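J.: predicted model and sequence follow; I will ask about them next.
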Amino acid sequence: MQSHISPKLKRRQFLIQAAITTGSVIGTNLWTKSGLAQTSALITLDKNRPSIPYGIASGDINGNSAVIWSQSDRNSRMIIEYATNENFRNSRRIIGQVAAENTGFTARTYLNNLPSGQDIFYRVTFQDLADTHIYSAPIIGHLKTAPQGKGKDILFAWSGDTSGQGWGINSEWGGMKIYESIRKLNPDFFIHSGDYIYADNPIKSEVMLEDGSIWKNITTEEKSKVAETLKEFRGNYIYNLLDENVRRFNAQIPQLVQWDDHEVVNNWYPGQILDDERYKIKDVNLLASRARQAFLEYTPIRFDSQDPKRIYRNFNYGELLEIFMLDKRSYRGKNSPNNQTVLSAETAFLGNSQLRWLKSQLKNSKSTWKVIASDMPIGLIVRDGKTNFENAANGDGKPLGRELEFADLFRFIKQSNIKNVVWLTADVHYAAAHYYDPNKAQFTDFKPFWEFVAGPLNAGNFGPNQLDNTFGPEVRFKTASPEIKLNQPPSSGLQFFGTVKIDGKTEVLTVAFHNLEGKKIYSLDLQPEV
């Protein structure tokens, strides 16, 4: 990996890299523009102190608040210090949550009443509960709060699909490089659009490539088989945190996360009984319960006080932007031929409660742009076997099955004159820009809108998927074609993420796609409707 560090700092940052891995450095840390911490360091061999083996993360920025996440190696209490400067002058200290065995020794702390439009530097330590005089080495993180009012630009990124199809952490190649490419752009936050892990995709130590070379993965016991136990689901999240790029990314860029199917098992739905010889546990509800616990433990998500297991939620990022994150897994009916003619429990995709919530939040939003973060695209066909459908899209024609929910939502958006709605998603392992045009649709009672698809982050490439003309999607850009070989390793370069920039003065929203190296390969300006 290329270094962007001045020579005189290399030794000190080597020490901090050791601290991130082993927790062996203590002292006063500073944040640097490279995204690494430096320290006036004192080395200790005392192994009795708590460690922070998998780094830190922040997320769920909502107005003037944020969530700080980390994990210790033992029963200990999370302590946060934070300030608006990297020297931690006039810092505030918060005694946070206990990391205990029942949460996989993960913990989170909520920072509230933060100043708007500010860089926030935070320092995480863990206090040993067995001996409260003993503390872990600190690790430094960074986040940026939402601007107040208009006038300041907003930049964020999104993508999905990490460690899929057996393509894991190849240290010889440089690990999950795309996370470093995103970090270098320094977005205000990142939306992970699902398939945060692949609990159903074991990682082998070596994969033979077509050219005769070997793709070498880091392997762990938990990633050697499909996840069934809570320990194995937790191990899938820990696996991704073994990557240096991911840990550095997590410490600098706040995340808003949602889940899709591979956090549990491919194409899952509530009530499903698996027909898969790899699984001893066939009850998907049991697997999903364990998977949800691990997801909530290992992501920087804010728990809803009324429903702590709820994943769909919204974030007000000031007058220019509000984000609505969906959950298309927890409330769906079973995968079927998807051709029902009336709404029912069988056609549920978002489900009644989530759909009512989304309508209400969209209607009440005062922000210029309303971004809906969806874990699946709207108009791309994703099948589940020969006759059933995994997605809402089920083929050309009028709305049927799960499409009925979307017809109802799109009609509501039009009737309520909700402006500037943009959809962001992942799932299909290629990048694409779709324009939904009622003049070319079978269902026409909706306002035209854009949907942008990104991914994968570190997984095999696929696509292009077949379009469903029900809502009139047109492909304006895509990275996939029938000529491209499918499921190539990340080293093939077919890994993509998107960025969104909102101009603080003109309110123009610019969507761009970037490749593995971070190079921009497509860009589109959207003018706000007034």
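T.: Nice, thanks for sending it over. All values derive from a computational prediction rather than experimental measurement.

J.: which residues touch the residue nearest to residue 112 when sequence neighbours are not counted?
T.: Among residues not flanking residue 112 along the chain, residue 65 sits closest, at 4.7 Å (CB to CB, 6 or more residues apart in numbering). Backbone N, C-alpha and C define where each C-beta goes, glycine included. The contact partners of residue 65, taken as CB atoms under 8 Å, 6 or more residues apart in numbering, are 110, 111, 112, 113, 114, 302.

J.: same question for residue 370.
T.: Taking CB under 8 Å, 6+ apart, we find residue 370 in contact with 322, 324, 362, 418, 419, 420, 421, 422.

J.: just the buried members of these?
T.: The neighbour-count test (16 or more other CB atoms under 10 Å) marks 322, 324, 362, 418, 420, 421, 422 as buried among those.

J.: now, which of the residues you listed sits nearest residue 119?
T.: residue 322 (22.1 Å; CB to CB).

J.: that closest one: which element?
T.: Assigned by DSSP states H and E, residue 322 falls within strand 321-325.

J.: and the helix or strand just after that strand with strand 321-325, angle?
T.: Per DSSP H and E, the first helix or strand lying C-terminal to strand 321-325 is helix 352-364. Calculated by axes from the mean of the first three to the mean of the last three CA atoms, to 10 degrees, helix 352-364 forms an angle of 170 degrees with strand 321-325.

J.: tell me what angle the very next helix or strand once past helix 352-364 forms with helix 352-364.
T.: In the C-terminal direction, the helix or strand that comes right after helix 352-364 (DSSP H and E) is strand 369-373. In terms of direction (the same axes, to 10 degrees), strand 369-373 departs from helix 352-364 by 160 degrees.

J.: about what we covered before: out of the contacts of residue 370, which comes closest to residue 448?
T.: Using CB to CB, the contacts of residue 370 come closest to residue 448 at residue 421, 10.1 Å.

J.: the closest one pairs with what?
T.: For residue 421, the beta-bridge partners under DSSP bridges are residue 370.

J.: contact partners for it?
T.: Neighbouring residues of residue 421 by CB under 8 Å, 6+ apart: 362, 370, 372, 413, 447, 449.

J.: farthest pair in those?
T.: Top of the distance list for the contacts of residue 421 (CB to CB): 372 and 447, 13.3 Å.

J.: adding pLDDT and distance to residue 156, write the buried ones among the contacts of residue 370 out as TSV.
T.: Below are the buried ones among the contacts of residue 370 laid out as TSV (pLDDT from 0 to 100; distance: CB to CB, whole Å):
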residue	pLDDT	distance to residue 156
322	98	12
324	98	14
362	98	19
418	98	21
420	98	16
421	98	17
422	98	12
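
J.: between these, which is closest to residue 185?
T.: Nearest member of those to residue 185, counting by CB to CB, is residue 422, at 19.4 Å.

J.: buried set for stretch 157-176?
T.: Using 16+ other CB under 10 Å as the test for burial, stretch 157-176 gives 157-170, 174-176.

J.: in strands, which of these appear?
T.: Among those, the ones falling in strands (DSSP state E) are 157, 158, 159.

J.: and the helices in the stretch 151-300 of the chain, which stretches?
T.: Shown for the stretch 151-300 of the chain, the helices assigned by DSSP state H, counting those that start in this stretch span residues 177-185, 230-241, 244-252, 284-298.

J.: so, low pLDDT: which residues of the stretch 151-300 of the chain?
T.: Counting by pLDDT under 70, the stretch 151-300 of the chain contains no low-confidence segment.

J.: may I have the beta-bridge partners of residue 120?
T.: With DSSP bridges as the rule, residue 120 is bridged to residue 143.

J.: that one and residue 252: what is the separation?
T.: Note on residue 120: its distance to residue 252, by CB to CB, to the nearest Å, is 12 Å.

J.: find the residues that touch each one of the two.
T.: Counting by CB under 8 Å, 6+ apart, the residues touching both residue 120 and residue 252 are residue 142.

J.: which one of those two is surrounded by more residues?
T.: With neighbours defined as other CB atoms under 10 Å, residue 120 and residue 252 compare such that residue 252 has more, 24 against 21.

J.: off-centre distance for stretch 459-467?
T.: 19 Å (CA atoms, centre = their mean, to the nearest Å).

J.: what does it rub up against?
T.: Contact partners of stretch 459-467, identified using CB under 8 Å, 6+ apart, comprise 161-165, 167, 195, 198, 377, 379-382, 428-430, 432, 473, 475, 478-482, 484, 486-490, 492, 494-495.

J.: show me where the stretch 1-150 of the chain has strands.
T.: When assigned using DSSP state E, counting those that start in this stretch, the strands of the stretch 1-150 of the chain occupy the ranges 25-31, 37-43, 56-59, 66-71, 76-83, 92-99, 106-111, 119-128, 139-144.

J.: nearest to residue 318, of those strands?
T.: Closest to residue 318 of the strands of the stretch 1-150 of the chain, according to CB to CB: strand 139-144, at 11.8 Å.

J.: spatially nearest residue to residue 316, not counting backbone neighbours?
T.: residue 322 (5.0 Å).

J.: quick one: residues contacting that neighbour.
T.: Residue 322 neighbours (CB under 8 Å, 6+ apart): 314, 315, 316, 361, 365, 367, 369, 370, 371.

J.: what's the burial count for the residue nearest to the fourth one when sequence neighbours are not counted?
T.: To tie it back to what came earlier, the one meant is residue 361. Spatial nearest neighbour of residue 361, chain neighbours left out: residue 314 (5.2 Å); criterion: CB to CB, 6+ apart. Residues near residue 314, counting by other CB under 10 Å, number 22.

J.: mind listing what residue 314 touches?
T.: Counting by CB under 8 Å, 6+ apart, residue 314 touches 322, 323, 324, 325, 361.

J.: ok, now which ones touch residue 218?
T.: Contacts of residue 218 (CB under 8 Å, 6+ apart): 168, 169, 170, 171, 203, 239, 242.

J.: in the sheet, which strands lie alongside the helix or strand containing the residue nearest to residue 361, parallel or antiparallel?
T.: Using DSSP H and E, residue 314 maps to strand 313-316. Take DSSP bridges as the rule and strand 313-316 pairs in its sheet with strand 321-325 (antiparallel).

J.: residue contacts, the residue nearest to residue 260 when sequence neighbours are not counted?
T.: Of all residues not flanking residue 260 in the chain, residue 194 sits nearest, at 3.1 Å (CB to CB, 6+ apart). By CB under 8 Å, 6+ apart, the contact set of residue 194 is 160, 161, 258, 259, 260, 261, 262, 263, 375, 376, 426, 427.

J.: of these, select the buried ones using a PyMOL command.
T.: The following PyMOL line selects those of the contacts of residue 194 that are buried, judged by 16+ other CB under 10 Å:
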select buried, resi 160+161+258+259+260+261+262+263+375+376+426+427
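
J.: and which of the contacts of residue 194 is nearest residue 340?
T.: residue 376 (18.6 Å).

J.: per-residue confidence averaged over stretch 331-342?
T.: In this model, stretch 331-342 has an average pLDDT of 98.

J.: send me it as CSV with only the CA atoms.
T.: C-alpha atoms of stretch 331-342 as CSV (Å, rounded to 0.1, in the frame of the first residue of the first chain):
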residue,chain,number,x,y,z
TYR,A,331,-41.4,-8.0,7.0
ARG,A,332,-41.6,-9.7,3.6
GLY,A,333,-43.9,-12.6,2.7
LYS,A,334,-42.3,-15.7,1.3
ASN,A,335,-40.7,-15.8,-2.1
SER,A,336,-43.3,-16.9,-4.6
PRO,A,337,-44.3,-16.5,-8.3
ASN,A,338,-45.2,-13.0,-7.1
ASN,A,339,-48.2,-12.6,-9.3
GLN,A,340,-50.9,-11.8,-6.7
THR,A,341,-53.5,-9.2,-7.8
VAL,A,342,-54.3,-7.7,-4.5
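
J.: residue 525: helix or strand, and which one exactly?
T.: Taking DSSP H and E as the criterion, residue 525 maps to strand 520-526.
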